[in-house]
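Asker: Just need the structure, nothing else, for what follows:
(chains A, B, C, D and E)
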Amino acid sequence: MRIGVFICHCGSNIEGTVDTATVAKASLDFPEVVYATDTMYACSEPGQDGIIQAIKDKNLTGVVVASCTPRMHEPTFRRAVERAGLNRYMFEMANIREHVSWIGKDREANTNKSVDLVRIAIEKLRRDAPLSPSKFSINKRVMVIGGGVAGIQAALDCADGGLQVVLVERESSIGGKMAKLDKTFPTVDCSSCILGPKMVDVAQHENITLHAYSEVDAIGGYVGNFQVQVKKKATYVDWTLCTGCGACMEKCPSKKNPDRFNEKIGPCTSINIPFPQAIPKKAVIDPTTCRQFVKGKCGVCAKVCPTGAIKYDMADEIVTEDVGAIVAATGYDLFDISKVTEYGGGRYPDVITGLQYERLLSASGPTGGHIKRPSDGKEPKNVVFIQCVGSRDKSLDRPYCSGFCCMYTAKQAILTKDHIPDSQSYVFYMDIRSPGKMYDEFTRRAMEEYGARYIRGRVAMVYPKDGKMIVRGADTLAGTQVEVEADLVVLAAGAEAAVGAPKLAEKLRISYDKYGFFMESHPKLKPVETNTAGVYLAGSCQGPKDIPQSVGQGSAAAAKVLALFSKDMLESDPQISRVDIKRCVGCGKCIITCPFKAIKEVEFRGQKKAEVIETVCQGCGLCTSTCPQGAIQLSHFTDNQILAEVNALCQS
Amino acid sequence: MAAVKYIASDKLPDWLKSLAAKSRVLVPVAEGGGVVFRPYAPGCRPVFDSDATAPPKGAVFPACQELFRYEQGKDPEDPGKPTLKLIASTEAEPTVVFGAKPCGARGFLIFDRVYIGKKFPDPYYIAAREATVFVTMACAAANVENTCFCHWVGSGPADGSGSDVLLTPVAGGYTAEAVTDKGAALLEDPALADGAAKADEAAAVKAAAREVLGEAPDIAASPAALLAAFDDADFWRDQSDKCVSCGACTYLCPTCYCFTITDEPKGMSGRRMRSWDACMHFQFTLEASGHNPRPTKAHRLKNRVGHKFSYYPTLHDGLVACCGCGRCIKSCPVSVDIREIVQNAVARAKG
Amino acid sequence: MPVLTGKELRIVGFLCNWCSYGGADTAGVGRFGQPTDLRIIRVPCSGRIDPLFIAKTLINGADGVLVSGCHPRDCHYAEGNFYARRRLEVLKRFLPILGIDPGRFDYTWVSASEGQRWQKVVTVFTEQIHALGPAPRFDAVSADMLAKAAAGALGQGGNRVAA
Amino acid sequence: MSRLEELKTRIKEALPGLECVIGWQKGYDPLHNTPLFMRTDADVDKLEWGPLNVHNPAVYLPTFTGKKVGVVVKGCDSRSVVELLQENLINRDNVVIFGMPCTGVIDLSKVKARLAGAGVSAGTVTAVTDDGKTVSVTAGGQTTAMPLAEVRADKCGRCQFPNAVLADAYVGDPIAPAAPAAAADADLAALDAMSVPERMAFWRYHMERCIRCYACRNACPMCVCRDHCIAQSREPHWLTQDDTATEKLMFQVVHALHLAGRCTECGECQRACPMDIPVLALKKHLNRTIRDLFDYQAGVDPQAIPPLLQFKLEEDNIKERSW
Amino acid sequence: MSEAIAYYPGCSGLGTSKEYDASTRAVCRTLGLDLVDIPDWSCCGSTPAHTKDHVLSAALSARNLQLVSGMGIASAATPCPSCLTNLRTANHRMEAPAMAEKVNKLLDAPYAGGVEAISVLQALVEKVGLDEIKAAVRTPLTGLKVACYYGCIMNRPPELMAFDDCENPMAMDNVLSAMGATVVPFPLKVECCGASYGIPRQDIVARLTGKLLDVAKSVGADMVAVACPLCQMNLDLRQGQVNRALGTNFRIPVPYFTQLMGVALNVADEELGFGQLCIDPRPVLNKALSGADAQAKGA
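Answerer: Alright, predicted model coming up:
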């Protein structure tokens, strides 16, 4: 082998604390290295050209680049060596930026460590073999999980692009959080007026299959060929018959159940259609409150239903959908305000969340759009908004900013004044975050036109006294304590990952952060991709987002799916396991442990042997560490390659 | 032959100490549950009354031996052009193997014909062999074990072939007889006294030991008999059924001389090593293609027995490549008995 | 120049590509300073890590081995780290019987987002190895210790550890 | 008809349909029995049963792929058969298991030590008798009586499976298992009691005399890689031919870890070792760990999945380290 | 019935809050909680010590913990939140080996850790249990409306005190509910009473204490139950000062919760020391109880 080694300065990112020239010089002392140099930016066009030129000039057959993490530029350099005529797998990287120059300042130690990392990369490269991918066909259907605005956008864009789309929604109607909003900032558009048409488009699009009131149960397969089991939860109403007329809701005797669509500040019936514009507009029975289920007798809805759609004996149903790509758009949920005991959320009825306030503002809400406080139905005059409840708060393990609360609070302050002209709003805030088009202007209007009093400081406690809520906090600009006698307190509850998000991530085999938000492939350059091929993200499941951001991501994810499906065949990663048939004793331990069922038993000259199914193998290498005789080896990560790395490190 | 000398048991440490001053002295010592040859150090207690678990083969033919080292370099003008330096040494440390049984020393007779032959003289072996002196301990009657069969192969409990000095246990000490000139030189040590008076007792000890072994069966027909059985697969299946293909028999055999060569590169340097091979292992004649002409243990056992009792004697003037020490029987986990196989082959040939 | 004598010890890390290697990258991106001893070997999944790699690394003279994979339930390959957890735990309990201090090996889970956790793990583990000092080597057991072992073996009847 | 005779009859009945039946016969001297491969009635007549049947005949089974064979087992041997079945290495339809109650086998090292204590060599044994309680060995003209309980293998003293776990033909009435040994195994206890550096010295001392014959491996019924063991391969290349204690110990680590969750502690590795190296202790230690962690022992249930080939989402006994 | 617990009354227990000490002992005895006095216990150092020197402050508490350790007892209970803070802080600080070494140098016998310090309230809830407490009630406090006031340091800082919710504790509420009392929701249960300003800035104390009394009254409390000697003193002894400063007319009894428990458990009146309080709760108590009685009879 003729190896070339390229040590990247990365400007001063590496060179600042690593003597790259010394590393290059030391590399020349390693076996089979015939060329070594340092280079300013290996990934830049001149950098890559330099590598290609060296491959040609020096007849290199393998290349090591010591630069940033292979998770960043391995594909870049693989393409470069391929352009120079080498097999793309005759290439290794040493990560001397993230793992060396950026984590230590000791130049001597960093240089020395870099040499070591180059050494193990060379030892691995010496045992690399050229690999070539094989092709497999794909199923050009896409599943979108979650029917909020991001999921709706992704589904519509994919469907308009000619793809068959399966949209799965946990609730009985799509619409998500946006459907609950009264108005949207900064235009103060009616939320349901702009979302409604899109929901209707979903219902009417011939390419979209909607599974509402359904959840993803299990996911098998891999990019191009996923099998998703969808659990259609029992609605106890035959939706093929239900016309959404609402007769059942009128007559249902169980009327005092907390209405989840109204964030539990209003009642609803046990058989219910959550809101008038619901898509699909179908009724669902809640068996935990329905008298027929709880007491065993009632049956009123069955009697009044003009189409005979009520089916009390309905059971959950599993349907399997085969798709080639999946977009996760499961959105967010709200931080539980009762955890902030000093504010009394959950204990005091007049301490509510911003989303509950949206329902109070909404004409389709429990109060018909009149602001009435929950405790006594009185119209509040003084409304206090408290920002960052469950956001930017390390003590609650919620250190991140939820992003959209500042804006919706400004909107709510404006709407409060619109609804109750003699009202006064107070906003306790930490900072105002309004970095969007027309956003900061909007908050200014709340203060200046609508007279909302913004108080910079945290609230220490909220307590009731004589029918008022006393809000005590600090005004850090004035340097004083303030107490406000409020009629209603609205907490800007932070956004957190949707309930069950980690479980879905596990099914999707994607990562999630400690708060349950899904991990993108790269925070800047691959914001809607995940580390699992064929799985994309849209909306707040990746982190808190406002509506335009969510819509943008929905479209972005759709674009990714459309690009993926623009080919008829996909190339499989050739870094898969291969069986040395001479060494295999046919014990089947690899077959038992393979997470992908990618290994099967075959007969070879009368003996049992293992065989890897190329397109199914995902290259985890579990089989290699399971096989005692080392008969099944993961290409590019063989035992001998890892042993060579170990030996190189332990040879002193 | 020089005169018989005598050394009292309590003088033995003096002699060993004086030998150890000049060379490495390997003596049989108990280690864990076995007896192995280890360098003599004051205070160490050699075990002379039973045969060592492992013979002193490694004293001349180590289990693993570096043939040479190499160091690669690079032409500074053209790093693609490698330079290579080989470092090899056949130098052997002067060694006295003290207290092996006659069978253990006799094994080297079989080695010598292979490694000191005219065709392929082996410098490593020759150097080590020349640097090594064997002071051998003849067996007394009580040392003869059920697995001993040295008398089958032309040897015996007082066989001096392969040795330089032969000691014989007598009351209070040992008589010492020089077998070679190298051996005679060793006996010029003040710890040794004249042993003429003990010569008769020594002869009696030797005779008594030989007596215990009894009559040896005639195995003169074994070379032909084993060849005749060469293609009898069922015969070899039956003989090898219980063999588990381990290397205990061959690695403990004083006469097994097969080796394999491996290279161990490490960065820019490396070593080429010669190590014991075992014909019982699958890898013994495994070819690079994956093909193995001796794929089963039956093939391999046939080779081991055939080599010792047929092919080698045929090539080497009838010398059987076995010293009859019985280690292969005694140490076999399943008690495969080479005597029985040879006799079965002879019996088979007779019909 | 393997390690900086007197400054560093030989610590080898085996990290899965998807979570922990990414976590180490995240730590780098965040400039979370760490000791320089650790050398990371990248593998696709913690399930790829044959415990024998670790045993070999330690027996061949490494002063410490650190393994890190995705958090349980978060494996890129769905199940690899579940198998790894069992195998690594068995290994961890096995090492002391060989005469290897159990503190020289640890395994943990670090996700790609947990740069700070990675910084902490590396720092704590490196400190732990420095507290233990350079690993004693099998090929350099002192004559005294060997004599003691010999006396123990022979004193107990010879044939067995304890007859 | 004695039980042994009855067993022979049963084997003779089955023999026509079988490639052979594996058992034991007398060996080269009265102290040594040796495995017997019965193909004819005359072979069956050589069958022995008793405390000298130290070998585990299960080791031979995987070599008979595709052929139907019989095997006579002690309780411990039957666990290896179960394990081989579990691992798909033998086919249940192709093995006929003959069992008898076993009251224990001797540990030849213990007998040798006894004889050495009496001043005679184990290589000179001329007669061995056994009355079920005592083994009397005549060597060098003198007879030494040894209570079986004192010279039997460690595993027999705490044997929970004196009857075959699985048998097609079982002769005699099953007997009760030995009382669980109160004390841990002495070898393991001795290692437990050592400091970590002492253990390193211990292994260094013992591995020094290893000759790498791989008898430990080849006598092990669970070492199913056999000809393809990674100890002797270059692809993968785990071990060199270097004659060092480190390489030799590394092999023992390979053996032990490959057996984790599969070892039935039959003790063949240590019994087979010609250099008497206490290699079984490593497996005992791992078995204890497997028991502690997964509440599992190998070779009991042919349907079980070995613990390292499966997992639980929440492990009962694995505590994650907090940093 | 339960393990023995070492009892650390603190200096106030021997002086200003004798009635807290006495009622605590009586209640625990009645409930079968074995309080064992610590021989030769010393002052915890209170606020002055730790504002001056952390090592000395820790040593004062560590000495007491070491004595408990010597008794072979694993937990020590104290009625005083201030003592509790010091004891727990000492335990926490001594987890650092360097600190432990410094502190131990000052002690006659080194303290190796391992003694858990808890409040009497926590001991009652965790070692006896609400069910047991409830079962022991002889005279239910039916009809008594009580506001539970925990004070500001009983549960703070939460990482150190590790008991109950630091913003909305419920332990005392639950205990007195178990006694049959009507516990009114008192939003200021962890507000500061201004104790540290008791001497230098009585105007502040009057304002803070006054607010507590005002809210207690507004939520309909007959009395305010407390668990801290200093709080008790501020709310009870200084009620007159508050009235003078704010022009109010409060006369709200402020008993220790243990005293109220004593009534419910039929502990003899002389052991409860109601007479030592400035505003004797007994008239209000009797009125409430008899009112309830009459109501019960009437119904």
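
Asker: any idea how far residue D:75 is from the residue positioned nearest the centre of chain D?
Answerer: The structure's chain D has its C-alpha centroid closest to residue D:266; by C-alpha atoms, centre = their mean the separation is 2.8 Å. Using C-beta to C-beta, to the nearest Å, one gets 10 Å for the distance from residue D:266 to residue D:75. Where C-beta positions appear, they are placed from N, C-alpha and C, glycine not excepted.

Asker: so the residue nearest to the centre of chain D sits right up against residue D:80, yeah?
Answerer: Yes - with the criterion set as C-beta atoms under 8 Å, residue D:266 and residue D:80 qualify as a contacting pair; they are 5.9 Å apart.

Asker: if I look at these two, which residues touch both of them?
Answerer: D:56, D:58, D:221 (C-beta atoms under 8 Å, 6 or more residues apart in numbering or on different chains).

Asker: ok, and the most crowded of these?
Answerer: Of all those, residue D:58 has the most neighbours under the rule other C-beta atoms under 10 Å in any protein chain shown, reaching 30 neighbours.

Asker: now the closest residue to it other than its chain neighbours, what's its secondary structure?
Answerer: Computed as C-beta to C-beta, 6 or more residues apart in numbering or on different chains, the closest residue to residue D:58 that is not its neighbour in sequence is residue D:80, at 3.6 Å. Under DSSP: H, G, I helix; E, B strand; the rest coil, residue D:80 falls in the helix class.

Asker: Tell me how many other residues surround the nearest residue to residue E:222 once chain neighbours are set aside.
Answerer: Distance criterion C-beta to C-beta, 6+ apart; nearest residue to residue E:222, sequence neighbours excluded, is residue E:145 at 4.7 Å. Here the neighbour count serves as a burial measure; for residue E:145 (other C-beta under 10 Å) it reads 17.

Asker: With residue D:247 instead?
Answerer: Around residue D:247 there are 22 residues (other C-beta under 10 Å).

Asker: Pull up the per-residue confidence for it.
Answerer: At residue D:247, the predicted lDDT confidence score is 96.

Asker: That one falls within a helix, correct?
Answerer: Yes - membership of residue D:247 in a helix is supported by three-state DSSP.

Asker: my guess is it meets residue D:240, correct?
Answerer: Yes - using C-beta under 8 Å, residue D:247 makes contact with residue D:240 at a distance of 6.0 Å.

Asker: What segments of the stretch 51-200 of chain B are strands?
Answerer: According to DSSP state E, counting those that start in this stretch, the stretch 51-200 of chain B carries its strands in the segments B:64-74, B:82-87, B:95-100, B:132-137, B:165-170, B:173-178, B:193-194.

Asker: Now do the helices in the stretch 51-200 of chain B.
Answerer: Along the stretch 51-200 of chain B, counting by DSSP state H, counting those that start in this stretch, helices occupy B:57-60, B:102-115, B:123-131, B:181-186, B:199-213.

Asker: Any chance of a markdown table for those helices, columns mean neighbour count, distance to chain C and mean pLDDT?
Answerer: As requested, these are exported to a markdown table (neighbours: other C-beta atoms under 10 Å in any protein chain shown; distance: least, C-beta to the nearest C-beta, whole Å; pLDDT from 0 to 100):
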| stretch | mean neighbour count | distance to chain C | mean pLDDT |
| --- | --- | --- | --- |
| helix B:57-60 | 23 | 18 | 96 |
| helix B:102-115 | 23 | 21 | 95 |
| helix B:123-131 | 17 | 23 | 96 |
| helix B:181-186 | 16 | 28 | 94 |
| helix B:199-213 | 17 | 25 | 95 |
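
Asker: Columns distance to chain A on top of those, output as a markdown table?
Answerer: As requested, these are exported to a markdown table (distance: least, C-beta to the nearest C-beta, whole Å):
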| stretch | distance to chain A |
| --- | --- |
| helix B:57-60 | 27 |
| helix B:102-115 | 32 |
| helix B:123-131 | 26 |
| helix B:181-186 | 42 |
| helix B:199-213 | 45 |
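
Asker: and the helix or strand harbouring residue D:145, what does it pack onto?
Answerer: Assigned by DSSP states H and E, residue D:145 falls within strand D:142-147. Packed against strand D:142-147 by the contact rule (3 or more C-beta pairs under 8 Å, 6 or more residues apart in numbering or on different chains; DSSP states H and E) you find helix D:108-117, strand D:134-139.

Asker: These: which one's closest to chain C?
Answerer: Across these, chain C has its closest neighbour in helix D:108-117 (3.9 Å, C-beta to the nearest C-beta).

Asker: Which positions in the stretch 151-300 of chain B make contact with chain D?
Answerer: Residues of the stretch 151-300 of chain B found near chain D, taking C-beta under 8 Å from any C-beta of the partner chain as the criterion, are B:238, B:241-242, B:244-248, B:250-252, B:260, B:262, B:264, B:273, B:275, B:278, B:281-283.

Asker: Right, I'll call it a day here.
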